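Student: Provided below are the primary sequence and the corresponding predicted coordinates.
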Amino acid sequence: MHTVSEARLVTLEEYIIQSQNRFPGAKGELSQLLRDIGLAAKIISREVNKAGITNILGVDGSKNVHGEEVKKLDVFSDHQLISALERSQITCMVISEENDGIVRLSSKGGKYIVYLDPLDGSSNIDVNVSVGSIFSIYMREARFDPTVKESDALQPGVRQVAAGYVLYGSSTTLAYTTGLGVSLFTLDPSIGEFILCDRNIKIPQKGYIYSINEGSYNTWDLGLKKYIKYCQEDDPDTGRPYTARYIGSMVADVHRTLIKGGIFIYPHSSRYPEGKLRLMYECNPLSMIIEQAGGMASNGERRIMEIEPTAIHQRTPIYMGSPSNVRKALDFLVEYAEEKSMA
């Protein structure tokens, strides 16, 4: 880990400006967009940390587009992020987990489209477990028609211009990439600034942790069952058995995987034939982060970021993490899919 010297602290805003200055002619719009998200994250972090004493825990009585109970902090986070993006007048539309369809902003000429999961892992809010925000940024295709359409937002993950997440845990951590590696920041509450702690984080090539909800074991395909049994086998030469770690907040599980290595899996199953996690505002942005750190992300058959989306709330299975671990898991899927087809 390349740690920045404590003698020269670099704030998120400074770092964004320094990065922008490396590109002559850059207008600073993407930089402004990242700063807006950073400001909203500070506000959300403050509310998450005092939620238990301000009666903002619990559900608000409504359900989101997926039929899930909406938490009060979900609503708050969604509002803060959308309001921040509205103020800069450079985003034409937002797609959020909490809204059915697109949210058109007042700047119809804005060049950016932003996908948001305002508070990932919100089912854990009431038990004080880490939650997070995820964002994914695309450029709108240039055209003469100023009408903002949902089809503008249906772009594969390879066309993301930036992506990142904020983890609200024992500390508040922000990670983002613009396609030139992953930078990691920690919020210093004493000065109210995100401070750079790693400018080029790399995931270990192999890890010894697997992360999956094993309570769904009986709903999985045979290849995945065999892979998990492989992870649990005792083989000191390969570092097995691996350690099982599953938080249930995707941001928290993926952040741990990024730092320590290993694999995070949320597969398709008999209960969720298309997978449960959302392609556009969960899997694509976190896949960009993982890939930029040297990792891999697949739906079990192909690279996540190459999937051509057909719906803004589309779901997908996902296998992501250290290259060695992901390749091994995919090998098991292929091997036992072939066995099944020959049976």
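Tutor: Received it, and whenever you're ready, just let me know what you need. Numbering: from 1, shown residues only.

Student: which SSE is residue 332 in?
Tutor: Using DSSP states H and E, residue 332 maps to helix 323-342.

Student: so what does that helix touch, helix or strand wise?
Tutor: Packing partners of helix 323-342 (3 or more Cβ pairs under 8 Å, 6 or more residues apart in numbering; DSSP states H and E): helix 222-232, strand 263-266, strand 296-298, strand 318-321. Every residue, glycine included, has its C-beta placed from N, CA and C.

Student: For residue 107, find the nearest of those.
Tutor: strand 296-298 (31.7 Å; Cβ to Cβ).

Student: Point out where the stretch 1-150 of the chain drops to low pLDDT.
Tutor: 1-7, 23-26, 51-71, 143-145 (pLDDT under 70).

Student: the strands in it, which residues?
Tutor: 59-63, 69-71, 91-96, 103-104, 112-120, 131-139 (DSSP state E, counting those that start in this stretch).

Student: Compile those into a markdown table and extend it with columns for mean neighbour count and distance to residue 322.
Tutor: Shown next, in a markdown table, are those (neighbours: other Cβ atoms under 10 Å; distance: least, Cβ to Cβ, whole Å):
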| stretch | mean neighbour count | distance to residue 322 |
| --- | --- | --- |
| strand 59-63 | 12 | 37 |
| strand 69-71 | 19 | 32 |
| strand 91-96 | 24 | 30 |
| strand 103-104 | 16 | 36 |
| strand 112-120 | 27 | 21 |
| strand 131-139 | 26 | 20 |
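
Student: want to throw these into a markdown table with distance to residue 46?
Tutor: Shown next, in a markdown table, are the strands of the stretch 1-150 of the chain (distance: least, Cβ to Cβ, whole Å):
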| stretch | distance to residue 46 |
| --- | --- |
| strand 59-63 | 19 |
| strand 69-71 | 17 |
| strand 91-96 | 20 |
| strand 103-104 | 24 |
| strand 112-120 | 14 |
| strand 131-139 | 13 |
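
Student: Could you report the distance from the residue nearest the centre of the chain to residue 136?
Tutor: For the chain, the residue nearest the mean C-alpha position is residue 286 (3.6 Å; Cα atoms, centre = their mean). Using Cβ to Cβ, to the nearest Å, we find residue 286 at a distance of 9 Å from residue 136.

Student: Give me the domain ranges for this protein.
Tutor: 12-198, 209-342 (automatic domain parsing).

Student: bridging residues for the nearest residue to residue 138 once chain neighbours are set aside?
Tutor: Leaving aside its sequence neighbours, residue 138 sits nearest to residue 113 (Cβ to Cβ, 6 or more residues apart in numbering; 4.5 Å). Residues in a beta bridge with residue 113, per DSSP bridges, are residue 93, residue 138.

Student: Contacts only, for residue 113.
Tutor: Applying Cβ atoms under 8 Å, 6 or more residues apart in numbering to residue 113 gives the contacts 91-95, 137-140, 152-153, 155.

Student: cutoff 6 Å now
Tutor: 93, 138, 140, 153 (Cβ atoms under 6 Å, 6 or more residues apart in numbering).

Student: related to what we said a few turns ago, so which of the helices and strands packed on helix 323-342 gets nearest residue 191?
Tutor: strand 263-266 (32.8 Å).

Student: from the chain's centre, how far out does stretch 277-287 sit?
Tutor: Chain-centre distance of stretch 277-287: 6 Å, with Cα atoms, centre = their mean, to the nearest Å.

Student: Would you mind measuring the gap between the ends of it?
Tutor: One end of stretch 277-287 sits 12 Å from the other (Cα to Cα, to the nearest Å).
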